[in-house]
Every structure is written in structure tokens, then in C-alpha cells.
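Trainee: please find the sequence and the predicted model below.
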Amino acid sequence: QLQASGGGSVHAGGSLRLSCVVSGVDFSSYVVGWYRQAPGKRRELVGYISSANNTVYVDSVKGRFTISRDNAENTVYLQMNSLKPEDTAVYYCNIELRPIERYDYWGQGTLVTVSS
């Protein structure tokens, strides 16, 4: 199961911290990605964290978003700073870093709304 939480409504320049609890797998051995889907757009990868805690981000969020993980809590976090209206989306996490169209299951996302 994948359950994201922590979304909300903020003004541009604000911050939010999202959490995603991953259950039913050996969490510590998996790469975990954060994804988002804006209204009317395709779901896209935001960034990911490897089992060795290496992180990669897409250019649009570099320097603003930080991914971390707590293996004891089976949880991955997405700290989002300097939020922009274009960050408005439903955010999801998932494991294994597959091509998006190959995922069968997404779990609960969390809505982030950034107003200008």
C-alpha cells in the first residue's frame, strides 16, 4: 500500500512537507519516487531516492524540493520549499522507478494547491 499525505493550500513561496507510507514490501531495499499529476496533464516524476539515500530531481524542482526517507517508519518525505503555482498537482509516491505507464497501482495521492 502507498498512502501519501500532507498536502494543502499555500501561497506562492510557501512550503509543505509531504509524507508517503509504504507498506507490504521490504521498504529499505526499494528506490522510491515522488510523482505528480497536474490538472489536465500527464503524471510525471518529480524525483526519487535510492536505497542508499542518493537523490535525483527533475530540473523544475531542483534546489526547492528535497526527498528523504525513514526506513524505520517505512516513510518517504518530500520537503517542498519556494512553491510555485505550477507545482499545483496531486502528489503520489511509488516504488521501483518504473516507466509511469507500467504501474498498476498508485495508492492515495495528496493534493497540493499553490496560489499566486
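Mentor: In hand now; what should we look at?
Trainee: quick check, central residue of this protein?
Mentor: In the chain, the residue lying closest to the centroid (CA atoms, centre = their mean) is W34, at 2.8 Å.
Trainee: ok, that residue - contacts?
Mentor: Listed by CB atoms under 8 Å, 6 or more residues apart in numbering, the contact set of W34 reads 18, 20, 45-48, 65, 67, 76, 78, 91-93. Any C-beta I mention is one placed from the backbone N, CA and C, and that applies to glycine too.
Trainee: what about it, distance to D59?
Mentor: 15 Å (CB to CB, to the nearest Å).
Trainee: count of neighbours near G47?
Mentor: Neighbours of G47 under the rule other CB atoms under 10 Å: 18.
Trainee: strands of this structure, start to end?
Mentor: Ranges of strands in the chain, per DSSP state E, are 2-5, 8-11, 16-22, 32-37, 44-49, 55-57, 65-70, 75-80, 89-95, 110-115.
Trainee: make a markdown table from these and add distance to R102 and mean pLDDT to it.
Mentor: Output for the strands of the chain, formatted as a markdown table (distance: least, CB to CB, whole Å; pLDDT from 0 to 100):
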| stretch | distance to R102 | mean pLDDT |
| --- | --- | --- |
| strand 2-5 | 15 | 96 |
| strand 8-11 | 30 | 98 |
| strand 16-22 | 18 | 97 |
| strand 32-37 | 13 | 98 |
| strand 44-49 | 13 | 98 |
| strand 55-57 | 19 | 98 |
| strand 65-70 | 21 | 98 |
| strand 75-80 | 20 | 98 |
| strand 89-95 | 10 | 97 |
| strand 110-115 | 22 | 98 |
